[in-house]
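Engineer: no sequence on this one, just coordinates:
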């Protein structure tokens, strides 16, 4: 496996993990946005620019969602309390 393939596998795995944890904390939404950005970089590096664009858009959507959740009261956002 090449270093680029391992990077892509890491990025997509991180996306999956952080997506499943989003209901626990807004910070997982931010982590998901970062993982989407990594997947976008991977897409561009490996030459699949449509994938890179879509992942960049997902990153922007997740960042917007994170901003909205951070502004909402904790109980209104629907997150589990620790």
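Structural biologist: That came through, no problem. All figures in this text were calculated on a predicted structure; none of them were measured in a lab. Numbering: from 1, shown residues only.
Engineer: roughly how far does residue 59 sit from residue 3?
Structural biologist: 22 Å (Cβ to Cβ, to the nearest Å). From N, CA and C alone the C-beta is placed, and that goes for glycine too.
Engineer: what does residue 41 give?
Structural biologist: Note on residue 41: its distance to residue 3, by Cβ to Cβ, is 13 Å.
Engineer: more neighbours: which of those two?
Structural biologist: residue 41 (16 against 7; other Cβ atoms under 10 Å).
Engineer: run the chain-centre distance for the helix or strand where the more buried one lies.
Structural biologist: With elements taken from DSSP states H and E, the one containing residue 41 is helix 26-45. The offset between the C-alpha centroid of helix 26-45 and the centroid of the whole chain comes to 4 Å, using Cα atoms, centre = their mean, to the nearest Å.
Engineer: and the following helix or strand past it, which residues are buried?
Structural biologist: Past helix 26-45, heading to the C-terminal end, the next element that is a helix or strand (DSSP H and E) is helix 49-71. Taking 16 or more other Cβ atoms under 10 Å as the basis for neighbour counts, the residues of helix 49-71 that come out buried are 51-52, 55-56, 58-59, 62-63, 65-66, 69.
Engineer: same list, those residues, but as TSV with pLDDT and distance to residue 17 please.
Structural biologist: Below are the buried residues of helix 49-71 laid out as TSV (pLDDT from 0 to 100; distance: Cβ to Cβ, whole Å):
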residue	pLDDT	distance to residue 17
51	95	19
52	96	21
55	97	16
56	97	20
58	97	15
59	97	16
62	97	14
63	97	18
65	96	17
66	95	16
69	93	18
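Engineer: which of the residues you listed sits closest to residue 18?
Structural biologist: Among the buried residues of helix 49-71, residue 62 lies closest to residue 18 (Cβ to Cβ), at 9.0 Å.
Engineer: name the nearest residue to that closest one, sequence neighbours excluded.
Structural biologist: Closest residue to residue 62 in three dimensions, ignoring its sequence neighbours and counting by Cβ to Cβ, 6 or more residues apart in numbering: residue 33, at 3.6 Å.
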